[in-house]
Each structure stands twice: as structure tokens, then as C-alpha cells.
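Engineer: Okay, sequence plus prediction incoming.
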Protein chains: 2
Amino acid sequence: MRKTYRIGILGATGAVGEELITLLQERKFPIAELRLLSSERSAGKQLVFDDQSVTVQSVSAEVLKGLDLVFASAGGAVSRQWLPIAVAEGAIAIDNSSAYRMDPEVPLVVPEVNPEDVVQHCGIIANPNCTTILMCVAIAPLHRAIPIRRIVASTYQSASGAGARAMAEVKVQAQAILDGASPNVEVLPYPLAFNLFLHNSPMDGSGYCEEELKMVRETRKIMGEPSLALTATCVRVPVLRAHSEAINLEFAAPFAPDKAREILRHAPGVMLVEDFDRNYFPMPLEATGKDPVLVGRIRQDLSHTCGLDLWLCGDQIRKGAALNAVQIAELLMARGLL
Amino acid sequence: MRKTYRIGILGATGAVGEELITLLQERKFPIAELRLLSSERSAGKQLVFDDQSVTVQSVSAEVLKGLDLVFASAGGAVSRQWLPIAVAEGAIAIDNSSAYRMDPEVPLVVPEVNPEDVVQHCGIIANPNCTTILMCVAIAPLHRAIPIRRIVASTYQSASGAGARAMAEVKVQAQAILDGASPNVEVLPYPLAFNLFLHNSPMDGSGYCEEELKMVRETRKIMGEPSLALTATCVRVPVLRAHSEAINLEFAAPFAPDKAREILRHAPGVMLVEDFDRNYFPMPLEATGKDPVLVGRIRQDLSHTCGLDLWLCGDQIRKGAALNAVQIAELLMARGLL
């Protein structure tokens, strides 16, 4: 008989939480019991799993008892408060927040890139930042062929990265502007409809924002290249739920675009989307709801002999968050670690 | 008595044409006569200049006679057909199309960057591509302090770059999506509302599109650096009329961000918009309708000792097109060349 698991989802009512529920169902994850957990505020809400209504429970030490696996996507403070308790109770925790990502004891895993890192954990495994996951899926196979020396990334990040309320707000703002009114700003720091702004995560003295530094630090950790040179500019754009990235790569040696294309055509988690005749390349609208990272427009960098430029789009809530977390759980199962 | 000029605007009914009319008025350009010219289709239309109604005339050799200055913004084919005739009739032509930009006999001018180039012309002076103008205004003052060795640019280009009909279409698309319908596509190649796509100008065998190659070639010509290393990824985003650009610069030597900031604070055509505490930087909504290029988020590139990252926004129709053209005319006047 196939082993089944008692699973908890912390932050079940959020955008990523709901996608986790959908994915566990879609991918027929072997579930013995599913506990949907949230803050006091959302407790009591009914969600549907496998055609059955499940009541969302308020998180407590009691309700974390007896779980095999906990997915957390309720922010860093909630993870820091409850995951050590869940782990002490015997669960493995896969954390979507940034709380533990740079902890040297905690593996930071993109299953297509560094599956072997999943082995060495102390109960918590971290799910990387969304833009970082999407980029790593696309560049790691190239890095394996010829080492990457430097990355310049510019992102085009959707509203979903700021949560379900931001997604709703950008639509309300768009309607206001279309009606000739001023857009209201509550969740987002500035109007996003028909506008865009630099990612508003906190800045440090370097002039980089936290989102950009996550890309730098997490990419280094995932790729196992602690001194990889990387700079990023992270931008929020009026798109609902898929992120896009323009990536410039410098390699240790020239990299023929056709060779890169061939590698990416067979790379796990990647879908090559390139039709130069039709000017058809990855678009966020088409990446939405899809599992793979769409990659295209691979070209020899005109400014550097050893450079390549490429473009990608990926669903921020799926591969950028929930799907990657479920894949980590599947990886643990496949290796007999769960 | 101050000299006044007989001026023609070819493409007067387009987005850039209308902005030219507004700017000539705003800046009190000394006009003796203003002829608004267009294709047969728009002829007869009434436009307002200085509180007077002006009838748009169909362009012909006859109507180009006796003009001192012609602004052209009706596309490359129209410029190629009519500007040589206007010049033969004694006018100086300032061309917004890409028809003559790379012609070695034709100066390509951003008044803040290479005003001296305006002197050597054979009747036609070219106005550069919009993204190129905005970038050059921001980077040329830095290049004068320490030479730039390489540029990696990613753009966030508004609908206005595809014309007034594209601006209208993105709004109609947004309304359709908000109403739960499918967005219609007529002017733009793909839905742009709540989406984005790589710039759809024709591609050459290099994998770059024409818009990107314009940035490469025109920047080299304007900056007088024929072998400047530059790569660009040009992206159309659902913003109405201001372009944004994430620019990574490598210099010949380290460039302190504070030094760059100080130079840009005093650079012509630049407005420094930087408040790291409030996370407030240039946004297209705020660049709209403004003359200067808004520049900010200047930071030491984490990936390169001699690198700087910066971010800019500029009104695509104003400094990206009409304003730059009017400034070229003002430059000709100031130098007694008109």
C-alpha cells in the first residue's frame, strides 16, 4: 500500500495557500489528512479539497501535532513562530517565507536545480523567492554547460507577488482610471494600473531593495556559487500573476545561442517559446496557470563575446511559490525522506 | 525685431504631431506661419493653434514651398518622399522617423548630448528613437566624467510608442478584461492590458529586434562612440505614455554613486528623483507630461567594481519625440542656423 501523509497548510486562505490546495489535488499527492490552518481572522472559513468541505482552523501547537508535513505561506513572522513547533512535533516544514532561506542549516531548494540539497535538513526546507526560482530554472542548465560569470537581471513582476489583495487593487485602480477617476492606493504603495514602480521592499544602505538582494543571495546559495556576480533591478508591473525577466548572462567562454537553445529545449521545468518569424516569445498572460518557466529570445549578446541575452516568464504563484514547494515534497517522497 | 519662421508639421494629426503643436505654443516658438500637413485622409481636419483654428492640408510639393522649417512625424516612407522636396524648396527638416537616422550625412541630435553635431547638415536633421533619447540624456553626463565601456539596458515601453490607436486599444482591452471578456487585438500584436510582450519591431538574424538595434546604433552615433558595447531588451508594457529603463553601466574606472548623483543633479534635461527612505523613485505616471528625464535609484553595481545601476522614466511623446525635435529647432535658432 502506498504511504500517505498528514499534511498541514499554514496560510491556507492566501493566494499561495489556495494554489497549494489545488496542486496537491491536481498532482494526486498521497494525503491521509489535510489540515488547513490560518490566523484567528480567517479561521472557520470553508475551503474545498477533493470535493469535500474543509474548515480552516486557527493555528496552535495542538493542531500542529501529528503532522508529517507542513507547508507554510503566511509570512516570515508566522513561520518563525510556528515552524519550530511543527518540527519539534515531528513534521518536516517547507517554508515559502524568507525567514529561513539564508540560514546555513536550511536547504534552499529548486528541485530542477539542486535536488541533492534537500537531504541535509534539520526539519525545515526553504522555498526560494519567486523571481529567483524562475531565473534559476532557466539558467542552471546553461551554467552546467559553461560556467556563468556574471548576471544582470531586470524583472517585470506581477501584482500577485504582493498578495491577493494587491491583485484585486490593481483591477480596481484600472477601472477608476478608465472611468476618469483617480486610482485609490491601499495595499500597494503607488498606483500600479497603467503605471509601474521599482519593487518597494525595504532598502539597505547599498541602494538595493530586499527583493533584489534575495535574487543575489538566494541564487548564489541555490547554484552553489557563493561568489557569483549578480545585479538585479526589480520592478512591479501591472500584470496579474506571472513574472517576466530580462536576463543578461556572461559565461566563462562563448556560448552559441543554438547550443543554449538545445540545452533549454530538454531542460526540466523549461518550455522553450520562440518564434522569431512571428515575433512570438514568452508573455505573462500565457505563462499564467502553466507549470514550466517559458524561456525564449535567446541571442548572442552584441556587447560581450561570452554573453547571452534571454527572456522568461513564469507563473508567480505556481512555479514561483506553490508548485516549487509541492515539488520539494515530492522530491522528499521520491528519496524516501518523508 | 525678432525673426519669425514659416513652419510646417508633417503628420500634424498624430500623437507626436499634436504634441509638437502644443510645445511650439508653450515654448513661444517665433512663428510667422504654421502649416499643418497630413495625408489625404486627415486633410480638412481643424486643429487649434494659439486660439486660432487651423485647417490641416494634404501634403504636396506646392504646400511645402516657402517653409523655413519642417517637422516630420508621419513615418519613414512619408519622410523619404517629402523631406528631400521640402529641403530642395529651402527648408530645414527635423525628422522624427527612423528614415535618415543612420545616414552618415545626417546629424542625429539630442541637444543635451551632442548639440555641436547640429551644424553639419544637408538640410535634414534626425530626431533619435525615443528610448535612445531618454537613455542618452541620463548617461552622457556620466560618460563625460568616466568613459562608459558597456551598457545593458532593459526597457519598459508604453503604448504611445505604437501610436495613439495603441494607447486607445490598451484601454479598451483593459475594460474587456475587467468585464470578464477576452481582449480584442487590432493595432497591437498581442493583448497588452495586464500583459506585456517583447517589442514587436522586425527581427534580423541576430535575434535582436529593430527597436533594440536602434538603441545600439543610435546611442553609438549620438555619443560619438562607434564601438560602444551595448545590449538591450525592449519590452512593451501596459503603460500609456512614459517609457522606463533599467540601465546597467560599466565604466572604465569605479564610479562612486554619490559622484554620479551629483553630476546628474546638475545635468541638463535630467531631474533626480530619489528618496531611498520612502522608496520613491521615477514612475511613468509621474513622468507623463513632464519635460525632463526622471533618473534615480543610482547604486554601485554589486556584480562589477566599475559598474553602476540606474533607473529612468521619461515622457515618450515629449522628450522621447516632440520636445527633442523642438529643442533641435531652438538650437538651430540659438546658433543662427535657422
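Structural biologist: Arrived safely, thanks for sending.

Engineer: Span of stretch A:86-106 from start to end?
Structural biologist: One end of stretch A:86-106 sits 15 Å from the other (Cα to Cα, to the nearest Å).

Engineer: Looking at the record's assignment, how would you partition chain A?
Structural biologist: Annotated domains of chain A cover A:5-128+A:321-334, A:132-316 [automatic domain parsing].

Engineer: Just say which of the ones you listed is most tucked in.
Structural biologist: Mean neighbour count (mean count of other Cβ atoms under 10 Å in any protein chain shown) peaks for domain A:132-316 among the domains of chain A, with a mean of 21. Where you see a C-beta, it was placed from the backbone N, CA and C, and this is true even at glycine.

Engineer: Who are the contact partners of residue A:225?
Structural biologist: Residue A:225 makes contact with A:143, A:148 under the criterion Cβ atoms under 8 Å, 6 or more residues apart in numbering or on different chains.

Engineer: Point me to the helix or strand that includes it.
Structural biologist: Residue A:225 belongs to no helix or strand when elements are defined using DSSP states H and E.

Engineer: Could I get the pLDDT score of it?
Structural biologist: The per-residue pLDDT reported for residue A:225 equals 98.

Engineer: what do you get for residue A:1?
Structural biologist: 65.

Engineer: Equivalent analysis for residue A:307, please.
Structural biologist: Value for residue A:307, per-residue pLDDT: 98.

Engineer: Return the distance of it relative to residue A:261.
Structural biologist: Residue A:307 sits 15 Å away from residue A:261, going by Cβ to Cβ, to the nearest Å.

Engineer: Could you do residue A:49 as well?
Structural biologist: Going from residue A:49 to residue A:261 by Cβ to Cβ gives 40 Å.

Engineer: Over to stretch A:236-255 now: how far is its first residue from its last?
Structural biologist: This stretch, stretch A:236-255, spans 31 Å end to end (Cα to Cα).

Engineer: Which helix or strand contains residue A:82?
Structural biologist: Under the criterion of DSSP H and E, residue A:82 resides in helix A:76-88.

Engineer: Which residues does that helix contact?
Structural biologist: Identification of contacts with helix A:76-88 by Cβ under 8 Å, 6+ apart yields A:8, A:10-11, A:39, A:59, A:61, A:64, A:67, A:70, A:72, A:93, A:95, A:97-100, A:122-124.

Engineer: Report the rounded mean pLDDT for that helix.
Structural biologist: Rounded mean pLDDT across helix A:76-88 is 98.

Engineer: Determine how far that helix lies from the middle of the whole chain.
Structural biologist: Distance of helix A:76-88 from its chain centroid, counting by Cα atoms, centre = their mean, to the nearest Å, is 20 Å.

Engineer: Quick one: list the elements packing against the helix or strand following it.
Structural biologist: Next along the chain after helix A:76-88, taking DSSP H and E as the criterion, comes strand A:92-95. When contacts are defined as 3 or more Cβ pairs under 8 Å, 6 or more residues apart in numbering or on different chains; DSSP states H and E, strand A:92-95 packs onto strand A:69-72, helix A:76-88, strand A:124-126, helix A:323-334.

Engineer: now the helix or strand following the shortest one: how far from the chain's centre is it?
Structural biologist: Taking DSSP H and E as the definition, the helix or strand that follows strand A:124-126 towards the C-terminus is helix A:130-145. Distance of helix A:130-145 from the chain centroid (Cα atoms, centre = their mean) equals 12 Å.

Engineer: quick check: angle from helix A:130-145 to helix A:323-334?
Structural biologist: 60 degrees (axes from the mean of the first three to the mean of the last three Cα atoms, to 10 degrees).

Engineer: List the backbone torsions phi and psi for residue A:20.
Structural biologist: With angles defined as degrees, to the nearest 10, residue A:20 sits at phi -60, psi -40.

Engineer: How about it: what's its closest non-neighbour residue?
Structural biologist: residue A:322 (4.6 Å; Cβ to Cβ, 6 or more residues apart in numbering or on different chains).

Engineer: Confirm for me that the one you found is in contact with residue A:16.
Structural biologist: Yes. Judged on Cβ atoms under 8 Å, residue A:322 makes contact with residue A:16 at a distance of 5.1 Å.

Engineer: Spell out which residues are contacts of both of the two.
Structural biologist: Counting by Cβ under 8 Å, 6+ apart, the residues touching both residue A:322 and residue A:16 are A:73, A:96.

Engineer: Against residue A:286, how distant is residue A:239?
Structural biologist: Separation of residue A:239 from residue A:286 (Cβ to Cβ) stands at 12 Å.

Engineer: Show me the helices in chain A, by range?
Structural biologist: A:15-26, A:76-88, A:130-145, A:164-178, A:210-223, A:257-265, A:284-287, A:323-334 (DSSP state H).

Engineer: touching chain B at all, the fourth one?
Structural biologist: In other words, helix A:164-178. Yes. Using Cβ under 8 Å from any Cβ of the partner chain, helix A:164-178 reaches chain B at A:170-171, A:174-175, A:178.

Engineer: Spatially nearest residue to the residue of the stretch 101-250 of chain A found nearest chain B, not counting backbone neighbours?
Structural biologist: The minimum distance from the stretch 101-250 of chain A to chain B, using Cβ to the nearest Cβ, falls at residue A:207 (3.0 Å). Among residues not flanking residue A:207 along the chain, residue B:299 sits closest, at 3.0 Å (Cβ to Cβ, 6+ apart).

Engineer: Check residue A:320 too.
Structural biologist: Nearest residue to residue A:320, sequence neighbours excluded (Cβ to Cβ, 6+ apart): residue A:130, at 3.1 Å.
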